[in-house]
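# have a look at this prediction, sequence included:
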Amino acid sequence: MCPLVSLCVSPVCPRAVGLCAPWRGEHGQPQPLTTMGPFWGRGPTAGQGDGNPKESSPFINSTDLEKGKEYDGKNMALFEEEMDTSPMVSSLLSGLANYTNLPQGSREHEEAENNDGGKKKPVQAPRMGTFMGVYLPCLQNIFGVILFLRLTWVVGIAGIMESFCMVFLCCSCTMLTAISMSAIATNGVVPAGGSYYMISRSLGPEFGGAVGLCFYLGTTFAGAMYILGTIEILLAYIFPAMAIFKAEDASGEAAAMLNNMRVYGTCVLTCMATVVFVGVKYVNKFALVFLGCVILSILAIYAGVIKSAFDPPSFPICLLGNRTLSRHGFDLCTKVVVEGNETVGSKLWELFCTSRFLNATCDEYFTMNNVTEIEGIPGAASGLIQENLWSSYLTKGVIVEKRGLPSVSPPDTPVDMDQPYVFSDMTSYFTLLVGIYFPSVTGIMAGSNRSGDLRDAQKSIPTGTILAIATTSAVYISSVVLFGACIEGVVLRDKFGEAVNGNLVVGTLAWPSPWVIVIGSFFSTCGAGLQSLTGAPRLLQAISRDGIVPFLRVFGHGKANGEPTWALLLTACICEIGILIASLDEVAPILSMFFLMCYMFVNLACAVQTLLRTPNWRPRFRYYHWTLSFLGMSLCLALMFICSWYYALVAMLIAGLIYKYIEYRGAEKEWGDGIRGLSLSAARYALLRLEEGPPHTKNWRPQLLVLVRVDQEQNVVHPQLLSFTSQLKAGKGLTIVASVLEGTFLDNHPQAQRAEESIRRLMEAEKVKGFCQVVISSNLRDGMSHLIQSSGLGGLQHNTVLVGWPRSWRQKEDHQTWRNFIELVRETTAGHLALLVAKNVAMFPGNQERFSEGHIDVWWIVHDGGMLMLLPFLLRHHKVWRKCKMRIFTVAQMDDNSIQMKKDLTTFLYHLRITAEVEVVEMQESDISAYTYEKTLVMEQRSQILKQMHLTKNEREREIQSITDESRGSIRRKNPANTRLRLNVPDEPVGDGEEKPEEEVQLIHDKNTTTFSSSSQSPAEEAESGSEKVHLTWTKEKSVAEKNKSKSPVSPEGIKDFFNMKPEWENLNQSNVRRMHTAVKLNEVIVKKSQKAKLVLLNMPGPPRNRKGDENYMEFLEVLTERLDRVLLVRGGGREVITIYS
């Protein structure tokens, strides 16, 4: 029994039901059980995010096994069809038991080189523990060149107190980062890439790529720093005679040293790159030797400190007054010496005087001050710690002086740089020292980079890393105190040990000999440089193989064994840049920036994952908290600006540029990162805020639902519709591009996926920012209705529908084409949605076209809430329409004051801040022309034919007979009074009673026509609608005038027209005649004024309220817009969308 509070997982063991015996094939041979490696990764989405199927499985080394094998036995037959996605528990546990993870980094390349003829050695389980696998590698990477070459100088300049604060800040930063890194590293296996992998999988490819490249640059510059340290030790302390460039005077020594560093640094870099290229196995074999040198050197320092307490070493310092003298050029610290019986000047005398004789002319300061000699290493028991407690910052070119000694300085006497003083080589201040010192605490990622070599990575990484940081922090803090307690201040401030005969300053404290430190530091810096040149190319290779930075993909290739040749070449070139800088003190702050940025994002990753509480965030390391991660992130950011604010800005700019490049040009990756979770949380919060109410008129913009049609190949039929969408939206607001496929979801799901992918590609090509949605419905009518009702989420919903005009509605035998369109118009009206219908959409311009001139004409017939004013304004923001001018036309009736209308409209546009030409068009009263009657007759005859196509055979015969009889009766009818009466009663529908059964039959047929055809009308062209009142320009006064006109006596012209009328005209529905008359007259005016316009925007009349005239509605719209190239019919959504107020 399981306790109620515990989680009990009981795997179903096939052995319990007699299934563990090997099953036999058709020939009776035993067959092995199927081992499913990539669990949950075998479905259609396996590895979709990044092309790496390993990350979709619970095992880092899962392999693709054979498909198609059945489950064993009949008791599991219920699950056999799901085998591809849901393996048996026994197979899962078997995969876990056989789990091994090959070591990352260089070890697999070494094994590949050692394997002959492609024979692979059996994989052995990793055996390294915490001490050998994490602790010692971290020690080796943390202890480095700064400890031996610069820490004594930092203590001498900043003093013990400020140096202690500096070390404490830097070590706290790395300790907090190590806590965050331990949490991330124990939340699953960390493959090759180390910190890059952790950041990219936690914060996404954009952050991962940006920070990964910054970390790569930091590692590369670290290699340059180690090489410069190697050359400095070689030329300054081991073989000074090897210098190629010699200084003629003291002022040229610095320049000569830099040139020597450049030459020898380039040579050493070439040698190291060659060693790494030939085989990293040699680097790995000597790693233990390099580590031994570091540990031996540190032990020698502590031994020297202990010895100095009772027997300090003898390193005398010569002072002139309180000025420190360099030992290069004299041996005795005295002004005169006795040679025989004669007193003459010493070698020191010769350096300050014109000759050795006592009557020679000497430097004034030399004459006024005495020479004294003090011990450079007084020892730990000397009480020197109080003197070195506080800072002593220097400016460049200042002589290093001892505080507390008397000194007489001559007034206004410049210091000669050729005199044998110890000068400060640079201006120093606290923030500079932080930047120089920080690289000495980096290297904490060494353990996480070797996670594959560890026996238990999730236990070893936190323990080993934190212990290594604690050890190194203790060494650094104790070194600060011990250096200040044992070494004279002037010696500490002497960066290159000129006062102690050119010895390495820290070496003077070591026991048994300074050469222990010199040789040990030389080999340790060599080893650190080799390891940087080994690790940096592999980091770049890991980034390149992820494919998130397109232009870096070439660096993912290498030799046959996987050695990153091209990445090594690029690393050497970047490293050469650091070597050409040639100054250790200039390179150190650069790599400090990159490392600090990397550590900052490690802390951010841990904080984001902790705060989001994602289900997969289950680190085994429990001693972390988001506040610690946030504190570490803040400390890293502060240290970046403390070190160098301009370097910090440059590093952040580089990271930002890489981030934006990956965002726009990089490959799409889905790594389950925390930023995606953060985006979801932010989106949820924003959506909940949007639910609070509709947007204010000032914030209203068209949120488009674009209905498109796809062909049989699932390609969009009219891509110009998406081009127009891009021009209208300009990347702002919501855009949903949707389509409908006929059929069932089970049968047509693959077609829907292909259609969705096709639409996405087109959206990307047309730069339409938005979402794609494809639905499958039994008929197009219902599918479009579902899209209109349910697209969007919460407050983020569409308020405007954009469709294309169904061009071929006349040719289609199936009347559903225009039926769907008209129902779409009605549904948008019912849903208070605006509707845009693009007619002749194939003639609309693409995004690459440019109109150098022309007009966008707006025909404002009825008020639609301001949509007609707003749309041209939005279009003119796009470069396609930018040079087009806006014209607004409105229609005046007989009773309207045209001049006043123009003034009012001009004032209205002025308050709207819209620039446009205004014109008022007067519609003169005229009789209905014969052309109008002919158009109406053809329309009604066509409607009758369409109706008959959907009747049964007997009904069709009866209907044709009734139409024939009615036509014959109308021809025989000679009563003109009756005819005139019909013409004068326009509102009375003719034949309403007879048409009702036909309408019922037609509606029944609508419900049964659900034939699938992917090439048949889909939403776009079968779904488009209209606006406002049925009567476009007919006002109430106009209607009254029309009725009065009908009561008045018939004019002679009217009698003439009446007698010329054909008999068929007598039975026409006069409501249709009036609508056709309006469409014809309005079209004549629009064509006359706007035929050459680049785009015509026009109020779209609504469909008839009773459904009997639906078939005629399409004809009215055709007549209204004929002979116009590009037309956008606009129907408002029932609310104001533009305002004159601020």
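Done, it's in. Residues are numbered from 1 along each chain as shown.

# can you list the domains in this structure?
The chain resolves into domains spanning 130-310+425-643, 645-693, 695-849, 854-968+1069-1129+1133-1137 when parsed by the TED database.

# give me whichever of these is most buried.
Each of the domains of the chain was scored by mean neighbour count; the highest is domain 130-310+425-643, a mean of 22, by mean count of other Cβ atoms under 10 Å. For the C-beta atoms, the positions are set from N, CA and C on the backbone; glycine is no exception.

# span of that one from start to end?
Start-to-end span of domain 130-310+425-643 (Cα to Cα, to the nearest Å) is 33 Å.

# I'd assumed Gly535 was in contact with Val276.
No - in this structure, Val276 is not within contact of Gly535 by Cβ atoms under 8 Å, at 9.9 Å.

# reformat the domains of the chain as TSV; add distance to Pro378 and mean pLDDT.
Listed next are those as TSV, based on distance: least, Cβ to Cβ, whole Å; pLDDT from 0 to 100:
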stretch	distance to Pro378	mean pLDDT
domain 130-310+425-643	6	88
domain 645-693	38	76
domain 695-849	71	84
domain 854-968+1069-1129+1133-1137	77	75
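
# between these, which one is nearest to Tyr393?
Closest to Tyr393 of those is domain 130-310+425-643 (Cβ to Cβ; 5.1 Å).

# how far does that closest one sit from its chain's centre?
Offset of domain 130-310+425-643 from its chain centre (Cα atoms, centre = their mean, to the nearest Å): 29 Å.

# kindly report the same for stretch 793-800.
Mean-position distance between stretch 793-800 and its chain equals 25 Å (Cα atoms, centre = their mean).

# other residues contacting that stretch?
By Cβ atoms under 8 Å, 6 or more residues apart in numbering, the surrounding residues in contact with stretch 793-800 are 686-692, 700, 702-705, 734, 736, 791-792, 833-836, 1133.

# which of those residues fall in helices?
Among the contacts of stretch 793-800, the members falling in helices (DSSP state H) are Ala686, Leu687, Leu688, Arg689, Leu690.

# could you save the residues you listed as TSV and add columns showing distance to Ala560?
Shown next, in TSV, are the ones in helices among the contacts of stretch 793-800 (distance: Cβ to Cβ, whole Å):
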residue	distance to Ala560
Ala686	52
Leu687	53
Leu688	56
Arg689	57
Leu690	57
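
# I'd like the next helix or strand past the helix or strand hosting Ile469.
Using DSSP states H and E, Ile469 falls within helix 457-486. Helices and strands here follow DSSP H and E; after helix 457-486, the next one along the chain is helix 489-492.

# by contact count, what packs against that next one?
On a contact count with 3 or more Cβ pairs under 8 Å, 6 or more residues apart in numbering; DSSP states H and E, helix 489-492 meets helix 151-185, strand 316-320, helix 505-509.

# for the longest one, name the packing helices and strands.
This means helix 151-185. helix 195-203, helix 430-437, helix 457-486, helix 489-492, helix 505-509, helix 584-612, helix 626-643.

# next SSE downstream of the first one?
The element immediately downstream of helix 195-203 (helix or strand, assigned by DSSP H and E) is helix 205-233.

# go on, the second one?
If you walk from helix 430-437 toward the C-terminus, the next helix or strand you reach (DSSP H and E) is helix 446-449.

# you'd agree Gln773 is in a strand?
Yes - under DSSP: H, G, I helix; E, B strand; the rest coil, Gln773 sits within a strand.

# quick check: it touching Val740?
No - here Gln773 lies out of contact with Val740, judged by Cβ under 8 Å, at a distance of 9.8 Å.

# and for these two, which residues touch both?
Common neighbours of Gln773 and Val740, using Cβ under 8 Å, 6+ apart, are Leu787.

# so which of the helices and strands packed on helix 489-492 is nearest Ala254?
The minimum distance between Ala254 and these falls on helix 151-185, with 15.6 Å, by Cβ to Cβ.

# the closest one vs helix 195-203, what angle?
Interaxial angle, helix 151-185 versus helix 195-203 (axes from the mean of the first three to the mean of the last three Cα atoms, to 10 degrees): 50 degrees.

# now do helix 151-185 and helix 584-612, the angle between them.
30 degrees.

# tell me the spacing between Leu348 and Asp363.
Separation of Leu348 from Asp363 (Cβ to Cβ, to the nearest Å): 11 Å.

# er, Val289 actually
Here Val289 is placed at a distance of 50 Å from Asp363 (Cβ to Cβ).
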